[in-house]
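Engineer: Sequence first, then the predicted structure:
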Amino acid sequence: MPIVAQSSTETDWVSRFADDVIAESERRAPGKPVVVASGLSPSGPIHLGNLREVMTPHLVADEIRRRGHEVRHLISWDDYDRYRKVPEEVPGVDGSWAEHIGKPLTSVPAPGGSEYPNWAEHFKAAMVESLAELGVEYEPISQTEQYTSGAYREQILHAMTHRAEIDGILDQYRTKAKAQAKKQQKPLDEAELEAEEGSGAASEDDGSGGSAGYFPYKPYCGNCEKDLTTVTEYIDATTELTYSCTACGFSETVRLSEFNRGKLVWKVDWPMRWAYEGVIFEPSGVDHSSPGSSFVVGGQIVREVFGGVQPIGPMYAFVGISGMAKMSSSRGGVPTPADALKIMEAPLLRWLYARRKPNQSFKIAFDQEIQRLYDEWDKLESKVADGSALPADAAAHSRAVRTAAGELSRTPRPLPYRTLASVVDITAGHDEQTLRILGELDPANPLASLGEVQPRLGRAENWITTQVPADARTVVRSEPDTELLGSLDDEGRESLRLLLEGLDSHWSLDGLTTLVYGVPKVMAGLEPDAKPTPELKVAQRSFFALLYRLLVSRETGPRLPTLLLAVGAERVRKLLGA
């Protein structure tokens, strides 16, 4: 159901959604807390695409809290879902885990070497830690606990009683799914799987496979624990349910009014929860806009079967990683929030989700682009500080650096990320050398300790050591390149002389920036502060390339002023042939 924007005191998308959610909550459940929801499946690494499922309602919930309303942000851990397949590239996992396919995620062993009791808890742990660092306030709900405790017993019995109505609703959309598959020239199972990807329901049937009729409930086998079961009989009056398992041949008859080892099929489970929890706002992926998707079908089921109302909420676009396609949590090797938080501070990661409308896709940089992102962030910080930021930008910044509960941890003295990365690249993380170089960036206000630039410095160091290839790292020469120095013409030697002559009087980041850009200007007969021309830019690039070759044996490298400071005046003189 699309959200229609209403008037707001803010101009950003979060405030507009908050307006609608508050109004809808007052209409549906006056006087009660506003309920927003997210769902996460710990079937494998929970990646940065999944994080949008949490950050969208979190940002809206936080805005509502700022306005003084009580909010419950529910995160349902779909840990009672079936184990679908063995993820690729997950350490400590091999082909032997295939024997657990069909079991609940909480009944599957954790990867080898894990400290956690099962598969679901292992993959939940990193996300729980990341959400805490990101300042996300929520109420966790384990679907394993809900189902095995009997919390949903009344809803399950209700669904079984109304199984014919559910089957009729699903049948309308099965026809649409077949038509869509035919149009796309895809097998039906492929089209349905594509539509369900990211919903926690891929490859889960809708309960229509048995010859005894339609049943919206799947028992987990009492012998092998797998959901490869078929309900063969159900008696409404007694709630006696008989099932057989195709995996091991086991069968039994149980009373569903007392039985807690099974779950509703996904397309019934999700709308049941909307009604059970009174969810007002929940986003969903753009894949749910397709015919027969869980969100579309669920809207009809919650209304006609459970007497509830579908949540309002946007369809959110996918999140990419430096050009990678849509991520799938069933695979290993995809970046997670924990991975991102190793190379960027929490406010920056929050900002990436806050500044884009949910229907806008964006990418999270693990490559050189992260330096540009930090430059953009620092520029925004300056604009917010002097009051020149646009209202929507200021709002996104505010949502990034604080929540209703307070400020997030930030770097006291945020030096440019690219500068910090260059310094730790050159010093290989040597603290004493790093402090010396950073202390010389601004002699009038020297850095007293590395603590002033943490945690940003640590994030930059992690980026250099984990994301920059070894052959792209900066290695300063130990001895002068005598062959190159000996081949220089008079102009080349004179440009080095001018640089060396000005080192002492320009020994700061700003001073060296003026010096290295000014030498080619002086060589051209211009003043050091002359505006660059196309010809002058060519001369500057040639001069810079010469310095890089003499200092690091490459045509490019870290920004020259930073590199010169890192190398040190004495060593610069030696390598430039003073």
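Structural biologist: Yep, that arrived.

Engineer: all strands for the protein, in order.
Structural biologist: Residue ranges of the strands in the chain, as given by DSSP state E, are 34-40, 71-77, 139-142, 217-219, 229-235, 240-245, 251-255, 262-264, 284-285, 315-316, 319-320, 362-363, 402-403, 406-407.

Engineer: Ala566 and Ser422: what is the separation?
Structural biologist: Using Cβ to Cβ, to the nearest Å, Ala566 is found at 7 Å from Ser422. For the C-beta atoms, the positions are set from N, CA and C on the backbone; glycine is no exception.

Engineer: residues contacting Gln310?
Structural biologist: By Cβ atoms under 8 Å, 6 or more residues apart in numbering, the contact list for Gln310 reads 1, 271, 274, 298-299, 302-303.

Engineer: 7 Å instead?
Structural biologist: 1, 274, 298-299, 302-303 (Cβ atoms under 7 Å, 6 or more residues apart in numbering).

Engineer: Which one of these sits in the busiest neighbourhood?
Structural biologist: Gly298 (27 neighbours; other Cβ atoms under 10 Å).

Engineer: Now do the helices in the stretch 301-450 of the chain.
Structural biologist: In the stretch 301-450 of the chain, the helices defined using DSSP state H, counting those that start in this stretch lie at 337-343, 346-354, 369-386, 391-401, 417-427, 431-439.

Engineer: before we move on, what about the stretch 151-300 of the chain?
Structural biologist: Ranges of helices in the stretch 151-300 of the chain, per DSSP H, counting those that start in this stretch, are 153-161, 163-184, 188-196, 266-277, 294-304.

Engineer: Ranked by average pLDDT, which of those helices falls at the bottom?
Structural biologist: Of all the helices of the stretch 151-300 of the chain, mean pLDDT reaches its minimum on helix 188-196 (a mean of 36).

Engineer: What separation do you get for Pro219 and Ala18?
Structural biologist: Taking Cβ to Cβ as the measure, Pro219 falls 42 Å from Ala18.

Engineer: actually Lys32, not the one I typed
Structural biologist: 17 Å.

Engineer: Tell me which of those two has more neighbours.
Structural biologist: A count of neighbours by other Cβ under 10 Å puts Ala18 above the other of Lys32 and Ala18, at 27 against 13.

Engineer: so what's the more buried one up against?
Structural biologist: Counting by Cβ under 7 Å, 6+ apart, Ala18 makes contact with 60, 63-64.

Engineer: List only buried entries from these.
Structural biologist: The neighbour-count test (16 or more other Cβ atoms under 10 Å) marks 60, 63-64 as buried among these.

Engineer: Okay, and which of these map to helices?
Structural biologist: 60, 63-64 (DSSP state H).

Engineer: nearest to Glu139, of the helices of the stretch 301-450 of the chain?
Structural biologist: Closest to Glu139 of the helices of the stretch 301-450 of the chain, according to Cβ to Cβ: helix 337-343, at 19.0 Å.

Engineer: so where's the stretch 1-150 of the chain uncertain?
Structural biologist: Residue ranges of the stretch 1-150 of the chain with pLDDT under 70: 1-11.

Engineer: ranges for the helices of it?
Structural biologist: Under DSSP H, counting those that start in this stretch, the stretch 1-150 of the chain gives helices at 13-28, 51-66, 119-133, 143-148.

Engineer: could you redo these as CSV and give each row distance to Val86?
Structural biologist: Formatted as CSV, the helices of the stretch 1-150 of the chain follow (distance: least, Cβ to Cβ, whole Å):
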stretch, distance to Val86
helix 13-28, 38
helix 51-66, 24
helix 119-133, 10
helix 143-148, 20
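
Engineer: if we compare the ones you listed, which one ends up closest to Ala394?
Structural biologist: Nearest of these (Cβ to Cβ): helix 13-28, 11.9 Å.

Engineer: List the buried residues in the closest one.
Structural biologist: Of all the residues in helix 13-28, those buried under the rule 16+ other Cβ under 10 Å are 13-22, 24-25, 28.

Engineer: Stretch 220-232 now?
Structural biologist: In stretch 220-232, the ones that count as buried by 16+ other Cβ under 10 Å are 220-222, 224-232.

Engineer: Can I get those in a markdown table including pLDDT?
Structural biologist: As requested, these are arranged in a markdown table below (pLDDT from 0 to 100):
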| residue | pLDDT |
| --- | --- |
| Tyr220 | 98 |
| Cys221 | 98 |
| Gly222 | 97 |
| Cys224 | 98 |
| Glu225 | 98 |
| Lys226 | 98 |
| Asp227 | 96 |
| Leu228 | 96 |
| Thr229 | 96 |
| Thr230 | 95 |
| Val231 | 96 |
| Thr232 | 96 |
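
Engineer: Could you single out the nearest of those to Glu154?
Structural biologist: So of the buried residues of stretch 220-232, ranked by how close each gets to Glu154 (Cβ to Cβ), first place is Val231, at 19.0 Å.

Engineer: For the nearest residue to that closest one once chain neighbours are set aside, the count of nearby residues, please.
Structural biologist: Sequence neighbours aside, Phe215 is the residue nearest to Val231 in space, at 4.2 Å (criterion: Cβ to Cβ, 6 or more residues apart in numbering). Applying other Cβ under 10 Å, we find 25 residues neighbouring Phe215.

Engineer: For Phe215, list the residues it contacts.
Structural biologist: Going by Cβ under 7 Å, 6+ apart, Phe215 touches 160, 163, 207, 231, 234.

Engineer: measure the third one to Thr253 for me?
Structural biologist: Here the criterion is Cβ to Cβ. By it, Gly207 lies 19 Å from Thr253.

Engineer: Look at the two and report which has more neighbours.
Structural biologist: More neighbours surround Gly207 than the other of Gly207 and Thr253, with 24 against 11 (other Cβ under 10 Å).

Engineer: what about the more buried one, distance to Glu440?
Structural biologist: Distance from Gly207 to Glu440, by Cβ to Cβ: 69 Å.

Engineer: got it, and Ala23?
Structural biologist: 57 Å.

Engineer: The closest residue to Pro104 other than its chain neighbours: what's it in contact with?
Structural biologist: Nearest residue to Pro104, sequence neighbours excluded (Cβ to Cβ, 6+ apart): Tyr80, at 5.0 Å. Neighbour list for Tyr80: 104, 106, 143-144, 147, 263 [criterion: Cβ under 7 Å, 6+ apart].
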